[in-house]
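Q: Predicted model follows, preceded by the sequence.
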Amino acid sequence: MCNTKILIVDNDRPLLTSLSDGLEKAGYATTSAAGGREALDMIEKEDFDLVILDIHIPDVPDTGVSAALNARGTPFLVLTARGDTELVESMVANGAIGYLIKPVGVEQIVPAIEAALNLSKEIKRLRENEQHLRYALEGDRNTSKAVGILMERYRLTGEDAFQMLRMYARSQRRKLVEVACELVNAANILNDAALNPVLKQHP
């Protein structure tokens, strides 16, 4: 917990001080910002594990800071008064992983912080798994296309074409999928070059 860095953004200075002091005592490393521009400057200079963001902050539009946080992949909780349902929904759509209704004290906010941090880790893990799967599928597609190109060009069996591709990748000390992607791109360029004169004749 002592390594967890939290930015608190709120123009209510007594609340800002109260939350900051309370979270410091609870073992978090906190930084405070009383306005939107100040918060944006801090976000640019430092990475935070979590941001606690007042829904009505001065200096920037309501979604300005939340959009910046979402773009950086920084999780944030929203502080809101009752009756801000529409704005809360907008913030959630813009990346907020939870909200708390004022007035709020440290005893309520600590469990929300821990839940938000755990949820953020799970979301990050799922996104990484999705990205790895996407890369793997794209690699498989390009490898299959490259094998097909070699089969047609050199009249090889699928196994022989795959072995040729793998041996070339090894000789270049490169990944198989990189070589396959390069071969597919080169074939696409050649196909486009061959098609261009035909296409020009038939506008």
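A: Okay, I see it.
Q: So Phe162 sits against Ile149, correct?
A: No - counting by Cβ atoms under 8 Å, Phe162 sits too far from Ile149 to count as a contact (11.7 Å). Glycine gets a C-beta too; all of them are placed from N, C-alpha and C.
Q: Tell me who's in contact with the residue lying closest to Ile55 once chain neighbours are set aside.
A: Once flanking residues are discounted, Ile55 sits nearest to Thr80: 4.3 Å by Cβ to Cβ, 6 or more residues apart in numbering. For Thr80, the contact set (Cβ atoms under 8 Å, 6 or more residues apart in numbering) comprises 54-55, 87-88, 99-102.
Q: how close does Arg72 get to Asp21?
A: According to Cβ to Cβ, to the nearest Å, Arg72 and Asp21 sit 27 Å apart.
Q: So, low pLDDT: which residues of this structure?
A: Scanning the chain for pLDDT under 70 picks out 1-2, 61-63, 83, 131-139, 191-203.
Q: Mind jotting down where the strands sit in it?
A: Ranges of strands in the chain, per DSSP state E, are 5-9, 29-33, 50-54, 76-80, 99-101.
Q: Ala115 is nearest to which of these?
A: strand 76-80 (9.3 Å; Cβ to Cβ).
Q: ok and that closest one relative to strand 5-9, angle-wise?
A: Relative orientation of strand 76-80 versus strand 5-9 (axes from the mean of the first three to the mean of the last three Cα atoms, to 10 degrees): 30 degrees.
Q: Indicate each strand paired with strand 76-80 and its parallel or antiparallel sense.
A: Note on strand 76-80: by DSSP bridges, its sheet partners are strand 50-54 (parallel), strand 99-101 (parallel).
Q: How many neighbouring residues does the residue nearest to Lys175 when sequence neighbours are not counted have?
A: Spatial nearest neighbour of Lys175, excluding adjacent residues (Cβ to Cβ, 6+ apart): Ala169 at 6.6 Å. As a burial measure, Ala169 scores 17 neighbours (other Cβ atoms under 10 Å).
Q: swap in Glu152?
A: 11.
Q: Against Leu40, how distant is the residue most central in space within the chain?
A: Centroid-nearest residue in the chain: Gly73, 4.8 Å away (criterion: Cα atoms, centre = their mean). Using Cβ to Cβ, Gly73 is found at 16 Å from Leu40.
Q: Which residue ranges make up each domain of this protein?
A: Structural domains assigned to the chain are 5-104, 129-201, following automatic domain parsing.
Q: Mean neighbour count, those domains: which tops it?
A: Counting by mean count of other Cβ atoms under 10 Å, domain 5-104 has the highest mean neighbour count of the domains of the chain, with a mean of 17.
Q: and the end-to-end length of that one?
A: Using Cα to Cα, to the nearest Å, the end-to-end distance of domain 5-104 comes to 20 Å.
Q: go on, stretch 92-101?
A: Terminal residues of stretch 92-101 lie 14 Å apart, using Cα to Cα.
Q: ok, and what's touching it?
A: Stretch 92-101 has contacts (Cβ under 8 Å, 6+ apart) with 53, 55, 63, 66-67, 69-70, 75-82, 88, 91, 108-109, 112, 115-116, 119-120, 123.
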